[in-house]
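Participant: Structure for the following, please:
(chains A, B, C, D and E)
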Amino acid sequence: MSELLINFSIAILLLPLVGFIIVVFLGKRFPKFYLFEVILLGIALVLSIIVLYSKLVYLNTTDVTASFTWISMSNSPAVGSISIELGFKIDNVTALMLFVVNLISFLVHVFSIEYMRGDKRYTRYFAYLGIFTFSMLGIVLTHNLLMMYIFWELVGLSSYLLIGFWFEKKSASDAAKKAFIVNRIGDIGMFIGILILFTQYKTFTFDVIYQQIASGILPFESNAWLTAAGILVFMGAVGKSAQFPLHVWLPDAMEGPTPVSALIHAATMVAAGVYLLVRIFVMLTADAMLVIAVVGAFTSLVAATIALTQNDIKKVLAYSTVSQLGYMVMSVGVGAYAFAFFHLVTHAFFKACLFLGSGSVIHAMHHEQDIRNMGGLKKKMPLTYYTFLISTLAISGVPLFSGFLSKDGILAGTLAFGKLTGHWLIPIMGFTVAGLTAFYMFRLVILTFHGKPADHHKYEHAHESPFVMTAPLVILAVLSIFIWYTPNPIGADAGWVLKNWIKTPTQVTPLETRFEFMKPTNSSRDSKTEVHQEVTHSVEYTEAIHWAHYPAMFLSLAVAALGILIAFIFYQWKKLNADKLAGKLKLLYNFSLNKWFLDELYDKTAVAGTLNFSSILAWFDNKIVDGIVNGSAALTRFTSKMSGLFDTFVVDGAVNFTAFFSGFVGLSFKKLQTGKVQTYIVFVVFAVIILLVFFKPF
Amino acid sequence: MEKKFFMNFYDIAFYLFAAITLVSALFIVTTRNIVHSAFYMLFTFFGIAGIYVLLGADFIAIVQILVYVGGILILLLFGVMLTNKITNVEIRTGTVHMLPAAIATAIFMSAVVAVMIWTEWKSEPAQIPLTTTKDIGYLLINDYVLIFELLGILLLVALIGAASIARRDKE
Amino acid sequence: MLQVGLTHFLIISAVLFSLGIYGIITRKNAVMVLMGIELVLNSANINFVAFSRFGNFGLNGQVIALFVIILAAAEAAIALAIVLNIYKTFTNVNVDEIDHLKE
Amino acid sequence: MMANTNLYHSLGLIVPELILSAVLIVLVLADLIFHKNKKYIPYIAIAGILITGFFTLSQYGISGSAFATSDVPTNNFGIFAVDSFGIFFKIIVVVSSLLIVFFSFGSDEIQKITDRLGEYYALIFGMVLGMFFMISATDLILIYLSMELMSLSSYVLAGFTKLRDRSSEAALKYLLYGAVSSGLMLFGISLVYGLTGSTNLYVINSLIQGPQINLFTLSFACILIFAGIGYKISSAPFHFWTPDVYEGAPITITAFLSVASKAAGFALLIRFIKTTFVSYVDPLGVWQLINVFDWKSLLVAISILTMTLGNFSAIWQNNLKRMLAYSSIAHAGYILLGLVVFSNQGLIAILIYFSIYLIMNLGAFLIVMLIANKIGSEEIDDYNGLGYTSPFLGVSLAIFLVSLTGLPPTAGFIAKLYLFIALVDAKMIAVAVIALLNSVVSLYYYIRVLKHMFLTQAEKDTQAITTSLPNTILISVLVAIILVFGVYFEPLINFAKSCLVVLGM
Amino acid sequence: MIGFPILSIITFLPVLGMFLILFMKKEQPNSIKYLTLVITAVQVVLAVVLLANYNYSAAGVYEEKSFQFIEKFRWINISGITWLGDVKIDYFMGIDGLSMPMVLLTALISFIAAISSWTIEKSIKGYFALFLLLDAGMMGVFVSLDFFLFYIFWELMLLPMYFLIGIWGGPRKEYAAIKFFIYTLFGSVFILLVMIGLYFSATELMTDGNRVHTFNMIALMNPANYSSDGILSALNPNNLRLIAYIALFAGFAIKIPMFPFHTWLPDAHVEAPTPISVILAGVLLKMGTYGILRVSYPMFPDITRQLMWYIALFGMINIIYGALVALAQKDFKKLIAYSSVSHMGYVLLGMASLTTVGVNGAIFQMFNHGTITAMLFLIVGVVYDRAHTRGLNDFGGLAAQMPVYTGFVTVAFFAAIGLPGLSGFVSEALVFIGAFGANATRILTIISTLGILLGAAYMLWTLQRIFFGPLNEKWATLADLDKREYAMFIPLTIIIIFLGVYPSAMLDIMNSSVNSLVQFVTTTISTTSLSGL
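Facilitator: Sure thing, here's the model as predicted:
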């Protein structure tokens, strides 16, 4: 059984790669080969379903791992024998992720068949999708940090390629470059974190590292280093999952084709950061978790405020994505491990649905993306509208939809966290964001689908998308209904996902570095050493969760309702004029519209700074270093002037110190060679005298 | 008594010759008229010859007069005549960098004189040899025969060289 | 006035030597420079003779002086030839004007 | 009586010199006899040189001293020493003179002078004879006179192409400068004579070990004598004549001066110092100087000054002959480094250096001469693109210059290597560093010629320079020697090692 | 192992080819080109043969018996006289894990460069003769185990390089050529001095039982061979070893090139013709680091341990500084040149760590940098041949015009950035792992990681400026790659990807040698000497 899992997952991993290779090398000759990619994805999807099923049903509690040695260096005196292992680990989280990634990837492939038709690089587009799916699956399957990092970079590459797919547009290539470089910043932190761990534990494998931590071995014998490692690895997530302050790349990434945005920049890749956090959750100390929670909360708030005023349909969705990712990160930070992952899954579905829906709208509107030019599309494209609406309800946290379950859980977690640790700011942010989300999502829906069409010409030509595009929408919308996850529409805990599949593991960090509530009540030594057992939280925590459950629910419902209401007041019934309000609050409005001026800030400081500094250095290198090593610029100029009369070689050579020196000395020697023999004789006589003075015996 | 007189005569002679030598030498290097300095040279050579006599080197003195006065001086005079228009009686020569020359010479002379005075040279009670010619001849064909022959070659080479340079030939 | 001894002769030669150097350096006319050289050689000769006389080294000094005199003759001959050649090519014998070979 | 036996014994030891003198006279006579066509004369000269070389070689291994003077207490030390050290330098002189005669065949400026060829070769023999005596002389007077013999001949030769004013000027300068320095030397000799009462180096050596020597006077005399010798080896600050004379003189003579007379001068200097101022040689081969005059620091200063001055001045030269003159000054500096370590190892370095320097320097001069024959100029700018118009000459000259720079795999590297080995072994690291930096500087002007020949194109298309077959062979042989010694120098060093005997007390 | 002296053949084959070419007519350029191609190809084959017969477990480094393909015989043998011991110089060749990758690299790069030399028109005969001479010199440096031999080969490359840059180079070729020559010679004189110093400090035990001074590198590594009064013996009171080490290091650092001695590199690269840039970046730069590993480390272990932090510091400076300066370049080729300054910094950093992982990474990085930078320079050459300009801002949108070319460019660029799956990543990662593992160099390593970011910045920026954006109409006629250029790019690409996926193929070659090297350097007490025995 476990072999089957391994083999299947290897197949799942490699199928997209095969597709990529085939399409890349043969796509030019046989344009139809893009279908290979789609078919292979389909197979992969089937396999992943099998894997999911067999894992959850037959091997629910036992994890399957397989690894091989990639690099081995024997008996090295400094660090002992080193071997770098690569391998897979399949637990429930992996299995679920496999399914989610494959499903959405497949749907997006299908969607793209129609959406991208007629593009001049049609086949290569599918190739890129293939390489992305491959890398993403690598991240999902890995059981060690190095392989994680490797595929981490590879998804970066594929995202780079896909964002810059229409590289003729400067904005596109800019966005691609920005995405890669900003991600690199996070990756550096992640890499250093990995270095710390490896230096101590001589392995990259998660479980081995955790066992050692559990047995009390700390990096460089200090909790601080453990915290640092946690935060540094988290930096990778900050980059990938577009957390503040590195979130600026994601909205720009919308330059890519819309299906790509759905797949990479909404559902899967950006979620990889959260996935990473889920993987390293057990080694996070309290300090690290607090940092993570704050970053997540703040990110979600910032993104939500920005989303309020955006007019580009994809930009709105992008910022909502950032905001939701902030939610997940925050929930990891507050210890709501299971809900984080749960929200990851649900969000993947409804956000993919939203993006694909927007794609279908854009497709219908001939690549019009400004929602102020839309309106009234409800009648023209009903299927798109209803799927879009369902997803919107889900994301706004309306009961009976998946989003409500996960968001509610997260909010409850934050509330409990606030109660236990006194960090009340985090739940406050959380609930505010819930309200804002409801508002801007419905603003989007209303402006796009309700009311009068703003641009009649475009409106006339608008039409419902063909089946291959609407089918994925339907599937995803259906997956946003609560029933798939739990029988009880208001209690996620009852659901099988959280009850049987996803368990919050016990932390392995030293007790003194954990939050009080993360400590097992019966803190016996053995319970520390074993990993991935169901967490035995402290009594207070369980109580707090129970206490928080209903307040959280009602509160979230209230703010959601409020947000929806305001949205309707403003945009549906036009009771209040948004523009007037904007005019009143001009400052805040611009602040939000311009994304808190963060891009401008970065351009002014970091980017411009680096470029200026580098050009200064280049000058320095050219003039000074070359100068100093060759005998300093000024002297150089002087010499070349001096030797200007002579052969150009000397001019050239004069730049070099030796030549300068020699030129100088040589000239002074030349003075002596007057050609008058009597002068020479004078020199001789003086020379004799001087020698006599120097070398007289006393 | 007469010995004392002799010594005085010796001293007087020495100072006389010394004066002749040095004064004319001074004129040689200072006067602007080449012909004059050539003639002063004559006196210098005579003075040196006299000093040789005082040093008991009569043979060398004779050779000095023969070779220098009879040979080299004439050569130099010819040189002067051939390299100047005879028509203008005043054959003048300029002088170059006097100052460094003066400094150099001054320092140098002081150094040399100091050396000469403060060194305690090997000096033994000198007995004036009766005849030097025979012994010199003996030395020439015994100890110094190699050098003597070498000088022969040297003269030959000098002859060839001088001839081949000075000879006016059509080319 | 002290007894005339070795030192007196040596001083003469020293002065003669210096005068010769002075002449060599200062005189424009090549022939005059040659005269200076002759002075130098003569001063050396005086040394030899004087040393051999007072140091009682036998007659070596005199023989050496003889050699030097002969050599001086040969040298003068060649020198004159070269000077004449110079006069032929440059139509003057001013040493300080013959400086075409230089940097 | 002892004088006769002494005489016969001595005559046996100076056979090469006798032959040289004889050939000289034969040449003069030949010049007189068939003055119609003088094309035999060079062959006579070659024959004479070969015979001399043969007898010189036949002296290899013999060591003896000729013409003992009666005032020498121990009877077996005369004024003329025959030893392997001398033989080595005599062979160098012979080889270089042979090459010079070969050069003279190909040199236009010499071949133009048809009716004075006899004198030309006679004077060359005069020089060679003078050098031989310089190499072997152990008596100050003999040293002085042999130097004069060589000088007088070379004065004339320097001005031999007398219609060219450059040549005449060179002769005059050489003459005046030489006369003055030899005058200084003579005065110094007279002082030494006054101090010791003898001119024989061995006698002086034994006397100056005694206490009653006035050191100031002695060092004064030493410096004066060194002025004379330093002028011959053209070491700063007595080098001033070198560039002008080298530039003015006919190329063959310049080449001859740059190698042979330098070699003779060095042999003289080494023998003078070794015989006069070295008390004994310790088993490690280090010479123990008598503590009367600080030759070591004097020579260190002189050599550093010499090489620095030579190299740094050469950079600015546009005339190739003049540049080579300065480079030869620089090489004199390097060679002096071999002396300043005052050990047999330094001596080996000097011997090796000279035998290699002989080949590479003469080779360079030969090519310069051949090129000057055609393009009638030695200016570097006229060499532009020469590597393309006549690749053979270009490449050969490049090899010689690289060897002069001292880069592997040419023999020049071996020469420098042994020099530095000697220095490092004597723990004179600082000096070695200075010398190394100097050789880096020297790269500038050597490579500059290459640059003009290969990197810059000729503005006007110069016709290819064709070399006659003998010259081609000659150049190829020289190049081959340079390259072979560059990678396999064992025989050379073995030979040098066997030539270390300097006849001493 | 192998019946014939393979190392000598692989080294001197090009010399033979050079002579053949000298005797060929310049009227038939193609035969000359093909001869060169064949010779380099044979070299590659021989290198592969070497690899096939290579014993992976033999360590080499400091014991002669574990070297492979040894060829050793007496070259210079001067019988001693009392006061000067025998002079014995061996013709001594052999390879171990340090040199094997370099031999492979040299053969490969020469082959590629020979292909890329097809476009040379000017005086082909001379070019290929010098090219082969250069090839021989490089190969010789990597296989010789006698310091004297090593030095001769080391200097042998200078002159061909000078001419190849100076004759076939760009507008300022003469300046660049002389600058290269002077810098390198300046460095190598110090090497020479230290070589002589070592020669006098150490002796080797001959079979006949008596000790003689030696240039044998392996003997020079053994502290027991140092006589206590030797100039460079550790017992020598005035600390000459340190000075000697610094001199030696400077000599090698100029070749690397290490800041602040790097300024010859941009000039040389920009002016040199494409194949020569390829060789320069691909092989010559490695000689510096190879020399440090082969000579400085094992012969001065004590000083190495003492100075490792400074070496790492210079590595860090190279990484950051080179990247920053590259960021500001306007000339494509200059940018690549500075990027290799930055990449050689990784090598320095890895070596300085004195850990197996780090040194392995360093050598691996040497190899990878060789292949990747070679490819980058070929890329520059391709676009320069077509457009005759290298200005980064003169281009745009080439990706649409030359898709295949762009594909190769992307591979090369991302390899240079250190993208996983390509060889560059593995070596850089190993370097960082190793350097971070050593306490002394940890902080420097953390700072150096900035290099990853900056590298991505300038590479992607270049990619964008040249290949993305709207197509500049001026270049609407540029043709995509032809067969010959395929032949240059494909092998390199394959190697880059293969080693990225399966690095052990290269790491296993060097691993055991690196282990023993690190062992030796970190543990040897060099104060033992003859007197101590």
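
Participant: so where do the helices sit in chain C?
Facilitator: Counting by DSSP state H, chain C has helices at residues C:6-26, C:30-54, C:60-90.

Participant: I figured A:Ile22 was touching A:Phe36, is that so?
Facilitator: Yes: counting by Cβ atoms under 8 Å, A:Phe36 is a contact partner of A:Ile22 at 5.3 Å. Heads up, the C-betas are built off the backbone N, CA and C, glycines and all.

Participant: So between the two, which is more surrounded?
Facilitator: Using other Cβ atoms under 10 Å in any protein chain shown as the criterion, A:Ile22 and A:Phe36 rank with A:Phe36 on top: 22 against 18.

Participant: picking up where we left off before, mean neighbour count, the helices of chain C: which tops it?
Facilitator: helix C:30-54 (a mean of 27; mean count of other Cβ atoms under 10 Å in any protein chain shown).

Participant: Which strands and helices lie in contact with that helix?
Facilitator: helix B:2-30, helix B:34-54, helix B:74-82, helix C:6-26, helix C:60-90, helix D:165-196 (3 or more Cβ pairs under 8 Å, 6 or more residues apart in numbering or on different chains; DSSP states H and E).

Participant: and the angle from the second one to helix C:30-54?
Facilitator: Put simply, helix B:34-54 runs at 10 degrees to helix C:30-54, going by axes from the mean of the first three to the mean of the last three Cα atoms, to 10 degrees.

Participant: Nearest the middle, which residue of chain B would you pick?
Facilitator: Central residue of chain B (Cα atoms, centre = their mean): B:Phe45, 5.2 Å from the mean position.

Participant: could you measure it against chain C, distance?
Facilitator: B:Phe45 sits at a distance of 8 Å from chain C (criterion: Cβ to the nearest Cβ, to the nearest Å).

Participant: Now do A:Phe11 against chain D, distance only.
Facilitator: Just to correct that, residue A:11 is Ala rather than Phe. Going from A:Ala11 to chain D by Cβ to the nearest Cβ gives 61 Å.

Participant: Work out for me the element the residue of the stretch 301-450 of chain A found nearest chain B sits within.
Facilitator: Chain B sits closest to A:Val302 of the stretch 301-450 of chain A, with a gap of 86.6 Å, by Cβ to the nearest Cβ. Taking DSSP states H and E as the definition, one finds A:Val302 inside helix A:286-307.

Participant: Isn't the residue nearest to the centre of chain B up against B:Gly70?
Facilitator: No: if you go by Cβ under 8 Å, B:Phe45 and B:Gly70 don't touch, sitting 9.9 Å apart.

Participant: residue contacts, the residue of the stretch 51-200 of chain D found nearest chain E?
Facilitator: Residue of the stretch 51-200 of chain D nearest chain E, by Cβ to the nearest Cβ: D:Ser84 (13.4 Å). Counting by Cβ atoms under 8 Å, 6 or more residues apart in numbering or on different chains, D:Ser84 touches D:60-61, D:63, D:498-501.

Participant: How about E:Leu460?
Facilitator: Applying Cβ under 8 Å, 6+ apart to E:Leu460 gives the contacts A:160, A:176-177, A:180-181, E:413, E:417.

Participant: go again using 6 Å as the cut-off
Facilitator: The neighbours of E:Leu460, taking Cβ atoms under 6 Å, 6 or more residues apart in numbering or on different chains as the test, are A:Lys177.

Participant: ok, which stretches of the stretch 1-150 of chain A are helices?
Facilitator: All helices of the stretch 1-150 of chain A, identified by DSSP state H, counting those that start in this stretch, fall at A:2-26, A:34-58, A:92-115, A:122-141, A:145-163.

Participant: Which of those helices sits closest to A:Phe515?
Facilitator: helix A:92-115 (22.1 Å; Cβ to Cβ).
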